[in-house]
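1. when you get a sec, could you give me coordinates for this:
(one chain, ligands or ions: 1)
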Amino acid sequence: MNRLDATFQRLKGKGEKALIAYIMAGDPSLQDTEQLVLGLERSGADVIELGVPFSDPIADGPVIQQAAERALRSGTSLRRILTMVAGLRRQTQIPLVLMTYYNTIHAYGEQGFCRDAAQAGVDGLIVPDMPMEESGPLKDRAEEAGLDLIFLLAPTSTPARRAAVAKASKGFIYYVSLTGITGAKLTDLGNVEDNVKRIRKVTRVPISVGFGVATPEDAARIAAVADGVIVGSAIIKQIAAHQQDPSLVTTVGTFVSSLKQAMLNPAAVG
Ligand SMILES: O=P(O)(O)OC[C@@H](O)[C@@H](O)c1c[nH]c2ccccc12
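-> Take a look at the predicted model:
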């Protein structure tokens, strides 16, 4: 069984939800990313989503855009990220999902990219700017290589789209909690709950929710309705604030364990 399926299954057996931490690879450097991934795992993250920095992102808010700028300035490239992942795989079995815009994959070559990513130890891919309708060739290459292609659904997705994504998505489904950019504020929790229920009716694939989850309280609330909770901007803000500190990893870890603790024990955060 692959690492993503195994993780969601193991957590389900314990009645727990997955905490999925999004960080930008190479922010502030790839050596830091390697240590951050290990630190995030020690602090309770169950899955790591690694952003591949890109100069023209579509859904990224300012916090993530600045992280991408720092990563590009430190000389981060897709090849170097894959080398770092291969190094991580000698130290951890935590599921790793690459979040990358399609251009980057295209420039590398779909087939070579899927092969190299899988060989390095990547488990899944999220390609936010690739419409499902156009994903056929990449999906085939990903499947051949053993990579899960994870698709997104949004509050505006139609029932037909929900059904199609539910069928196509592997590993988990990424439900975007709001229409807007990353780092926006989570407001309509009732709507998130309704939509997660609708998706659940048409699939057995785990459903993870991201966009706007910033506090332990948010994480606990989302954990009550979804299988996975994705947190990006709030973690990256901590990285930005402490990028020069020798205590970077422990500081970020403290924040991430507060998220996980709230998910495990929602009563404690009210
Ligand atoms: O930053 P937030 O609001 O915590 O949301 C997660 C999000 O950043 C991450 O999953 C992500 C980064 N870039 C994206 C582009 C599209 C969809 C999702 C993403």
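2. so which residues of the stretch 51-200 of the chain form helices?
-> With helices called from DSSP state H, counting those that start in this stretch, the stretch 51-200 of the chain shows them at 62-73, 78-88, 102-108, 110-120, 136-145, 159-168, 189-201.
3. I would like the residues contacting the shortest one, please.
-> What that stands for is helix 102-108. With CB atoms under 8 Å, 6 or more residues apart in numbering as the test, helix 102-108 has contacts from 52, 54, 56, 78, 113, 116, 127, 129-130, 138. Any C-beta I mention is one placed from the backbone N, CA and C, and that applies to glycine too.
4. ok, now stretch 141-154?
-> Taking CB under 8 Å, 6+ apart as the rule, stretch 141-154 contacts 2, 4, 97, 110-111, 113-115, 117-118, 122-128, 132, 135, 138-139, 161-162, 165, 168-176, 179, 195, 199.
5. for ChimeraX, what selects the buried ones among these?
-> A single ChimeraX command is used to select the members of the contacts of stretch 141-154 judged buried by 16 or more other CB atoms under 10 Å:
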select :4,97,110,113,114,115,117,118,122,123,124,125,126,127,128,132,135,138,139,162,165,168,169,170,171,172,173,174,175,176,195,199
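6. show the buried residues in the contacts of helix 102-108.
-> 52, 54, 78, 113, 116, 127, 130, 138.
7. where is pLDDT lowest across those?
-> Of all these, residue 130 has the smallest pLDDT value, namely 92.
8. quick one: neighbours of the closest residue in space to that residue that isn't next to it in sequence, just the number.
-> Computed as CB to CB, 6 or more residues apart in numbering, the closest residue to residue 130 that is not its neighbour in sequence is residue 102, at 4.7 Å. Residue 102 is flanked by 17 other residues according to other CB atoms under 10 Å.
9. got the residues of the stretch 101-250 of the chain near the ligand?
-> 128, 182-183, 210-213, 230-234 (CB under 6 Å from any ligand atom).
10. one more pass at 8 Å, please.
-> Residues of the stretch 101-250 of the chain lying near the ligand by CB under 8 Å from any ligand atom: 126, 128, 152, 174, 176, 181-184, 210-214, 230-236.
11. got a quick PyMOL command for the buried subset of those?
-> Filtering those down to the buried ones (16+ other CB under 10 Å) takes a single PyMOL command:
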select buried, resi 126+128+152+174+176+181+182+183+210+211+212+213+214+230+231+232+233+234+235+236
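12. in contact with the residue of the stretch 151-270 of the chain found nearest the ligand, which residues are there?
-> The stretch 151-270 of the chain approaches the ligand most closely through residue 232 (2.7 Å), counting by CB to the nearest ligand atom. The contact partners of residue 232, by CB under 8 Å, 6+ apart, come to 21-23, 49, 51, 63-64, 182-183, 210.
13. and residue 41, by the same measure?
-> Residue 41 makes contact with 48, 92, 94, according to CB under 8 Å, 6+ apart.
14. thanks a lot, catch you later.
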